[in-house]
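S.K.: show me the folded form of this:
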Amino acid sequence: MIFYLAIPLTLLLYWITRQLYRRLPLPFINPVLIPMLLLMGLISYFGLSLADYQAGAHPIHLLLEPAVVALAIPLYQQASQIRARLKPILICCSLSVLISILVTFVTCSLMPVPPEIVSSIATRSITTPLAMSVSTSLGGIAAIAAAIVVLVGILGAVIGFPLLKLFGVTDPQAQGLAMGACSHAVGTAAAAERGTSQGAFASLALVACGLLTAILAPILFA
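M.R.: Modelled structure (predicted):
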């Protein structure tokens, strides 16, 4: 049954969450977080098959790649602004990757964490396909890497802009870079809703941090 209801149920929950956010714009009313929690609750409560839900929702999954490619549109629209600030952008993205990986090392060194878990956590701030590939090459577990990436992305989308406001970061370009660097695709989608500039710079940070992590992580782990 869940196979046939997967797409309409997913779209309905997404639409309801979007409508609720328009009336009550609170950070935790997120169109990824709320439907995900509700679907998890329904599948668990009624003992439904997760595999059947995934198979039924597969057409939505196929839209993921075109959606990621579409993020290049605001990037193209802000190309002149990006070229003018390319050097500080690359420095910020490089520092973001280094800090992310080093914080993982330091945190995990304080606890008895197996090496494969460290490798899985270290790629948490880049988009899921890259995180799975890089963590596997480092000896990590792809499934854990994917789960961590999803959690980090949702957390960033929920608390990212409130934190930036708390620390007085009001520049749209800086906001976009921070969201894309820390919470990858989910954060980039949240940034794109705030404005074209935020979306463009978040898309740039998403790509730059993914590539830099793929280059720097093996070196740091070695």
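S.K.: show me where pLDDT drops low in this structure?
M.R.: The model of the chain has pLDDT under 70 over residues 68, 71, 222.
S.K.: centre of it to the edge, which residue is at the far end?
M.R.: Among the residues of the chain, the one whose C-alpha is farthest from the average of all C-alpha positions is Met1, by Cα atoms, centre = their mean at 30.5 Å.
S.K.: for stretch 41-56, which residues meet the burial criterion?
M.R.: Applying a neighbour-count criterion of 16 or more other Cβ atoms under 10 Å, the buried positions in stretch 41-56 are 48, 52-53, 56. In short, each C-beta sits where N, CA and C put it, glycine included.
S.K.: specify which member of these is nearest to Arg23.
M.R.: Sorting the buried residues of stretch 41-56 by distance to Arg23 puts Tyr53 at the head of the list, at 28.5 Å, by Cβ to Cβ.
S.K.: so that closest one makes contact with Leu42?
M.R.: No: in this structure, Tyr53 is not within contact of Leu42 by Cβ atoms under 8 Å, at 9.2 Å.
S.K.: CA atoms of the helix or strand where Glu65 lies as PDB?
M.R.: Glu65 belongs to helix 64-70 when assigned by DSSP states H and E. The C-alpha trace of helix 64-70 is given here as PDB (Å, rounded to 0.1, in the frame of the first residue of the first chain):
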ATOM      1  CA  LEU A  64      17.500  15.100  -7.400                       C
ATOM      2  CA  GLU A  65      20.200  15.400 -10.100                       C
ATOM      3  CA  PRO A  66      18.300  18.000 -12.200                       C
ATOM      4  CA  ALA A  67      17.500  20.000  -9.000                       C
ATOM      5  CA  VAL A  68      21.300  20.100  -8.200                       C
ATOM      6  CA  VAL A  69      22.100  21.200 -11.700                       C
ATOM      7  CA  ALA A  70      19.500  23.900 -11.500                       C
END
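S.K.: what's around Pro218, how many residues?
M.R.: Using other Cβ atoms under 10 Å, the number of residues around Pro218 comes to 12.
S.K.: and Ile219, by the same measure?
M.R.: Neighbourhood size, Ile219 [other Cβ under 10 Å]: 8.
S.K.: who are the contact partners of it?
M.R.: Under the criterion of Cβ atoms under 8 Å, 6 or more residues apart in numbering, the contact list for Ile219 is empty.
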